[in-house]
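Participant: What shape does this take:
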Amino acid sequence: MILFLLLFLILYGGIHFYAFARMEGIIHFSAGPKILIICLLIVLIFAPLLVRIAESRNLELLARVLAYIGYLWMAFIFLFFCLSIFFDAARFIFKFFPTAVSATSLTNITFVLAIFLSLAFVVYGFIDAQKIRIKKLEVATGQSLPNGGKIRIVQISDVHVGLIIQEKRLRTLVETIAAMKPDILVSTGDLLDGELNNVLPLAELFAPLKPPFGKYAVTGNHEYYAGIAQSLEFTRQAGFEVLLDEAREVAGINIVGIDDITGRRAAIVNENPRSTKTMPAINNNKFVLLLKHQPFVNRSDNFNLQLSGHTHGGQIFPFRIITGLFFQHNYGHFALAQNKAIYVSRGVGTWGPPVRILAPPEITVIDLIGQKNN
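Facilitator: Residues are numbered from 1 along each chain as shown. As a prediction, this is how the structure comes out:
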């Protein structure tokens with residue numbers, strides 16, 4: 001986590017330095033305004049850390065204000081950086097072609113255009129992040145199943161309950177899930193985000209969801225960042241059975257939950273201590289549903305469908321290009337072999353900026369179609 005924070009601050013600070021250099025090259029600030037802007041940018045760079053500090057000290061209102069300001073700014077400055085790099089490349093190419101616009105005018109125009117487009121995308125992304133989509137998937141199996149041979153599994157992932165994802169958003173999520181009439185509800189990690197002192201009561205919002213064959217969850221990396229003991233308490237209060245490298249035989253299928261790799265690295269899971277663990281053995285030939293937060297695939301594992309999340313589908317384009325470099329299965333449905341596939345959800349919530357661009361939030365409805373159980 002420390003290495004991640006250092007890398008984040010270096011990269012995030014570098015983006016701010018680039019933006020300030022672009023702005024200074026056009027506006028040419030005097031000494032007073034320049035110092036003021038630099039101080040403001042430093043505060044914005046450290047805003048994510050200030051949010052966590054305020055949250056850990058139960059300063060909820062301050063933390064929420066800082067979160068909205070800091071994270072919306074994060075989305076804006078990231079988009080501004082990407083657009084500016086694109087425009088810089090375009091201006092370099094235009095140098096080789098005759099044009100009536102001077103280089104200085106073109107620099108000013110692209111600077112203003114980058115600001116305008118960044119603001120527009122942030123507004124669009126903020127609104128779109130609150131509109132949940134339904135992704136439907138049908139999976140066939142030769143196994144016998146109850147319910148006339150059809151089991152409906154609803155997957156939620158990366159909800160990130162915390163300062164930004166609060167009661168209003170959760171009620172919408174719960175109503176959407178209920179409308180899908182799931183037989184089984186699964187959460188593939190990152191149900192929570194941040195400190196938990198002020199969010200535990202929100203677990204009760206999931207109580208009305210009572211699928212006939214149960215609710216199952218696995219941990220994500222943010223459960224560990226938030227505190228694993230409290231995270232497990234929240235998840236269980238929400239009515240989920242947490243599977244920590246465990247299997248359950250339910251509704252004619254096997255549900256296997258793999259604990260997030262963050263727990264193995266930290267070696268801090270007291271309830272189920274182990275340093276390494278392979279997928280638990282399955283002693284039957286029924287359909288195997290594997291729940292695993294991060295979309296890494298162990299092809300030797302015995303499963304038919306792996307459900308994952310973590311990537312958010314990039315959340316803010318073009319960040320999807322970056323997540324695609326780290327995850328072979330970045331978003332969507334991928335066939336791995338005969339009767340073996342993975343589905344990676346974009347998730348419901350947001351991490352950091354409450355913004356989604358070309359990666360709308362979703363819940364996944366998987367209809368498992370098999371033989372009628374006599």
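
Participant: any weak-confidence spans in the protein?
Facilitator: 1, 100, 194-197, 264-278, 374 (pLDDT under 70).

Participant: ranges for the helices of it?
Facilitator: 2-27, 31-45, 47-56, 60-94, 103-128, 146-149, 167-179, 221-226, 228-237, 261-266, 319-326 (DSSP state H).

Participant: elements contacting the fifth one?
Facilitator: Meaning helix 103-128. In terms of contacts (3 or more C-beta pairs under 8 Å, 6 or more residues apart in numbering; DSSP states H and E), helix 103-128 is packed against helix 2-27, helix 60-94. Bear in mind the C-beta positions are built from the backbone N, C-alpha and C, glycine included.

Participant: Deepest in the core, which of those helices is it.
Facilitator: Using mean count of other C-beta atoms under 10 Å, the stretch among the helices and strands packed on helix 103-128 with the largest mean neighbour count is helix 60-94, at a mean of 17.

Participant: and residue 295, how many residues sit next to it?
Facilitator: 24 (other C-beta atoms under 10 Å).

Participant: Could you check how far the closest residue to it other than its chain neighbours is from residue 329?
Facilitator: Using C-beta to C-beta, 6 or more residues apart in numbering and skipping the chain neighbours, the partner closest in space to residue 295 is residue 308 (3.9 Å). Using C-beta to C-beta, to the nearest Å, residue 308 is found at 7 Å from residue 329.

Participant: if I look at these two, which residues touch both of them?
Facilitator: 295, 342, 344 (C-beta atoms under 8 Å, 6 or more residues apart in numbering).

Participant: could you dump the residues you listed to a markdown table with distance to residue 48?
Facilitator: Conversion of those to a markdown table gives the following (distance: C-beta to C-beta, whole Å):
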| residue | distance to residue 48 |
| --- | --- |
| 295 | 25 |
| 342 | 31 |
| 344 | 25 |
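
Participant: Return the member of those nearest to residue 72.
Facilitator: Lowest distance from residue 72 to the shared contacts of residue 308 and residue 329 (C-beta to C-beta) belongs to residue 344, with 26.5 Å.

Participant: how near is that closest one to residue 47?
Facilitator: In terms of C-beta to C-beta, residue 344 sits 30 Å off from residue 47.

Participant: between those two, which one's more packed in?
Facilitator: residue 344 (26 against 18).

Participant: ok, now which ones touch the nearest residue to residue 237 once chain neighbours are set aside?
Facilitator: Nearest residue to residue 237 in three dimensions, chain neighbours excluded: residue 203, at 3.8 Å (C-beta to C-beta, 6+ apart). Applying C-beta under 8 Å, 6+ apart to residue 203 gives the contacts 234, 235, 237, 238.

Participant: Which residue, neighbours along the chain excluded, lies closest to the first one?
Facilitator: Setting aside the residues directly before and after it, residue 234 is nearest to residue 203 in space (C-beta to C-beta, 6+ apart), at 5.0 Å.

Participant: Next, the buried residues of stretch 207-220.
Facilitator: By 16 or more other C-beta atoms under 10 Å, the buried positions in stretch 207-220 come out as 209, 211, 213, 214, 215, 216, 217, 218, 219, 220.

Participant: Can you tell me the closest non-neighbouring residue to residue 81?
Facilitator: residue 15 (4.7 Å).

Participant: Tell me how far that neighbour lies from residue 127.
Facilitator: Separation of residue 15 from residue 127 (C-beta to C-beta): 24 Å.

Participant: since we're on the closest residue to residue 133 other than its chain neighbours, how many residues are nearby?
Facilitator: Among residues not flanking residue 133 along the chain, residue 362 sits closest, at 4.5 Å (C-beta to C-beta, 6+ apart). By other C-beta under 10 Å, 19 other residues sit near residue 362.

Participant: closest one to residue 258 among the helices and strands packed on helix 103-128?
Facilitator: helix 2-27 (21.9 Å).

Participant: Just want the most central residue of the protein.
Facilitator: residue 312 (4.0 Å; C-alpha atoms, centre = their mean).

Participant: Closest one of the shared contacts of residue 308 and residue 329 to residue 174?
Facilitator: Checking these against residue 174 by C-beta to C-beta gives residue 344 as the nearest, at 23.1 Å.

Participant: Quick check: bridge partners of that closest one?
Facilitator: Counting by DSSP bridges, residue 344 is bridged to residue 308, residue 332.

Participant: Just confirm it contacts residue 329, I think it does.
Facilitator: Yes - using C-beta atoms under 8 Å, residue 344 is in contact with residue 329, at 5.1 Å.

Participant: which residues do these two both contact?
Facilitator: By C-beta under 8 Å, 6+ apart, the residues touching both residue 344 and residue 329 are 295, 308.

Participant: Show me which strand runs longest in the protein.
Facilitator: In the chain, taking DSSP state E as the definition, the longest strand is strand 133-145.

Participant: So which elements touch that strand?
Facilitator: strand 362-372.

Participant: Pairing partners for the strand it packs on, with directions?
Facilitator: strand 133-145 (parallel), strand 150-156 (antiparallel).

Participant: separation between the residue nearest to residue 295 and residue 345?
Facilitator: 7 Å.

Participant: Please enumerate the shared neighbours of the two.
Facilitator: Joint contacts of residue 308 and residue 345 (C-beta under 8 Å, 6+ apart) are 157, 188.

Participant: what's the domain layout of the protein?
Facilitator: 2-128, 134-372 (automatic domain parsing).

Participant: Most tightly packed of those domains?
Facilitator: domain 134-372 (a mean of 19).

Participant: just how off-centre is it within its chain?
Facilitator: How far domain 134-372 lies from its chain's middle: 11 Å, per C-alpha atoms, centre = their mean, to the nearest Å.
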